[in-house]
Structure formats: structure tokens, C-alpha cells
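> Predicted model, plus sequence, below.
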Amino acid sequence: MTITLPTINLGSSDTLIFILVGLIAGILASTSVGGRRNSLFVDMIIGVIGAFFGRWIFGVFGINLGIGLIPEVIEAFVGAFVLLLVLRAVGGGFWHRPA
């Protein structure tokens with residue numbers, strides 16, 4: 001089984017927008033998942049990784065939301081949301097804070 005990843009041109013302005021959308025999606029996903037919140041920096045990193053993950057998920061299932069900022073936000077949010085659920089299910093987050 002071969003998994004093809006979407007191509008991303010790191011030299012374009014679309015990449016900057018993609019990263020900014022990921023930062024926003026991380027904060028929104030962390031708020032949506034609820035429970036214990038991570039730091040703002042960690043939420044943003046999860047959002048950027050989740051944006052790549054969301055684009056991959058939508059590509060694997062052949063879902064095309066169209067072009068524009070709103071579909072990118074939706075993809076990034078879904079990816080960050082799923083990533084946060086997996087991280088919290090596996091390890092309870094990144095670290096355990098004392099109660």
C-alpha cells in the first residue's frame with residue numbers, strides 16, 4: 001500500500017497562510033476538545049501539525065472542499081482536533097501538571 005502525501009511548495013506565500021491557519025486551528029481545536037488546556041505555544045504547534053494531518057486525511061478519503069481560506073481552516077481544524085484526541089487518549093496530553 002502506497003500513501004501519497006500532498007505536495008506543498010514551501011517557497012510560496014500559500015505556505016505562510018497554511019501555517020497561520022494551522023496556528024488558529026490549534027487554538028480552536030484545543031478549546032473544542034475541552035479538558036485540560038496546554039500552553040498557547042503547544043496548541044499552536046499542534047495546530048500546524050494538525051493542518052498537515054488534516055490535509056492528508058482529506059486527501060486519503062478523496063474529500064475536496066474547494067479552494068479558499070475557509071476550506072483550509074476546516075481541514076486544519078479537523079486535523080488538529082483528531083490529533084489532539086489521539087494525543088490525549090494515548091498519553092493524557094504532553095505532560096501531567098501537578099494538581
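Perfect, thanks for sending it.
> Could you list the low-pLDDT ranges of this structure?
1, 3-13, 35-37, 92-99 (pLDDT under 70).
> for it, which helix is longest?
As assigned by DSSP state H, the longest helix anywhere in the chain is helix 69-91.
> Distance from that one to the middle of the chain?
Centroid displacement of helix 69-91 relative to its chain, using Cα atoms, centre = their mean, to the nearest Å, is 4 Å.
> what comes up buried for that helix?
Within helix 69-91, the residues that qualify as buried are 72-84, 87-88, counting by 16 or more other Cβ atoms under 10 Å. (C-beta placed from N, C-alpha, C; glycine too.)
> repeat for stretch 41-55
43-55.
> residues in contact with that stretch?
Residues from elsewhere that reach stretch 41-55, judged by Cβ atoms under 8 Å, 6 or more residues apart in numbering: 6, 8, 18-19, 21-30, 37-38, 72, 75-84, 87, 94.
> Kindly report the same for stretch 61-76.
17-18, 21-22, 24-25, 47, 50-51, 54-55, 57-58.
> and it, how far out from the chain's middle?
Counting by Cα atoms, centre = their mean, stretch 61-76 is centred 12 Å from the centre of its parent chain.
> quick one: terminal-to-terminal distance for that stretch?
Terminal residues of stretch 61-76 are spaced 15 Å apart (Cα to Cα, to the nearest Å).
> re earlier: now, the buried residues of stretch 41-55 that are in helices?
Secondary structure assignment by DSSP H places 43-55 of the buried residues of stretch 41-55 in helices.
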